[in-house]
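1. okay, here's the prediction I keep looking at, along with the sequence it came from:
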Amino acid sequence: MYNVVGISLEGSSKIYFFETNNIALKKGQFVITELDSGLGYGKVVIGPKNEKKENLIFPLKKVIRIATQQDIKQYDMAKKESIKVIKKAKAIADKLKLDMNFVDAQFTFDKSQLYIKYTADDRIDFRELAKKLAQVYKTRIELRQIGVRDKAKQMGGLGPCGRILCCNSFLNDFESVSINMAKNQYLSLNPTKINGVCGRLLCCLNYEDEIYTELKKGMPAIGDKYKTERGLAEVVEVNLFKKYFFVETSDKIIERIDMEK
């Protein structure tokens, strides 16, 4: 068993587990952690607990210390500088005629590495850009091309439901979403109705897909043929929640069929 805490690192919405390193920690504290690239800064979102080895990803990094006021000040200064990084990167990219849209920049806590996220329609040869940025910031530069869904997650915004984007508020990973999920829920296939601000299918199509699949058991699908007293009819509308459907006969008569009667 390992004594660990769940930490949300700055610049990432994922939760990573770190060894407590015998430090008395509690939820809500800001901490300095080990990273492959140096030191990280994050917030404890899952309090200390004992976890089995098979439930953790190794090598397991450690919490170095609880963040001091000086650490917090240092992080805030680095965060302000990262905003200027995006403007600088764009200026250099424009001179190099690189078609890149810079989304975010993030220093590691000890500034041993600088991560820059961008979107682009094609693959970009950014070696000259990275070289020039390294000359300016005197640190290792890593440029990461991200997709439109990742951009929405990073930038945030409001969905068509009027709420903060799921990917920006609580989703840690993107799950596969298919057009069949929209069909399964009898939704209009109009892209303006089923696509999110990222231009891809709404993540929330995934939420109720399993329920609709379960509700459909024993129910006909739209377009199916159904035998009535007036003869063979076609199913034209289905209400899965109230367990009834409408059929249209060959002589254009609409009839309601209740499954639970």
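-> Cool, the structure landed. Numbers count the residues shown, from 1 in each chain.
2. in CSV, list the C-alpha atoms belonging to stretch 32-52.
-> Taking C-alpha atoms only, stretch 32-52 is exported to CSV below (Å, rounded to 0.1, in the frame of the first residue of the first chain):
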residue,chain,number,x,y,z
ILE,A,32,5.4,21.6,-5.0
THR,A,33,5.9,18.2,-6.6
GLU,A,34,8.4,16.1,-8.5
LEU,A,35,8.0,16.0,-12.3
ASP,A,36,10.1,14.3,-15.1
SER,A,37,10.9,17.8,-16.4
GLY,A,38,11.6,19.4,-13.0
LEU,A,39,9.3,20.7,-10.3
GLY,A,40,5.6,21.1,-10.6
TYR,A,41,3.0,23.3,-8.8
GLY,A,42,-0.5,21.9,-8.1
LYS,A,43,-3.4,21.6,-5.7
VAL,A,44,-4.4,18.7,-3.6
VAL,A,45,-7.9,17.6,-4.7
ILE,A,46,-8.0,14.1,-3.2
GLY,A,47,-6.8,13.9,0.4
PRO,A,48,-4.2,11.4,1.7
LYS,A,49,-5.3,7.7,1.3
ASN,A,50,-3.7,4.3,1.1
GLU,A,51,-3.8,2.9,-2.4
LYS,A,52,-2.8,-0.5,-3.8
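3. Glu54 and Arg140: what is the separation?
-> 34 Å (Cβ to Cβ, to the nearest Å). Heads up, the C-betas are built off the backbone N, CA and C, glycines and all.
4. who has more neighbours, these two?
-> For Glu54 versus Arg140, neighbours defined as other Cβ atoms under 10 Å are more numerous around Arg140 (15 against 5).
5. tell me the bridge partners for the more buried one.
-> Beta bridges link Arg140 to Gln113 when assigned by DSSP bridges.
6. does it touch Tyr115 like I think?
-> No - checked against Cβ atoms under 8 Å, the pair Arg140 and Tyr115 is beyond contact range at 9.6 Å.
7. just give me the residue closest to the centre of this structure.
-> Centroid check for the chain by Cα atoms, centre = their mean gives Cys167 as the closest residue, at 3.7 Å.
8. just the mean pLDDT for the host helix or strand of it, thanks.
-> Counting by DSSP states H and E, the element that carries Cys167 is helix 166-169. The pLDDT scores in helix 166-169 average 88.
9. now tell me what touches it from outside.
-> 13, 149, 152-157, 159, 163, 174, 203-204 (Cβ atoms under 8 Å, 6 or more residues apart in numbering).
10. for the longest helix anywhere in the chain, name the packing helices and strands.
-> Taking DSSP state H as the assignment, the helix of the chain that covers the most residues is helix 69-95. Applying 3 or more Cβ pairs under 8 Å, 6 or more residues apart in numbering; DSSP states H and E, we find helix 69-95 packed against strand 30-35, strand 101-107, strand 113-119, helix 127-137.
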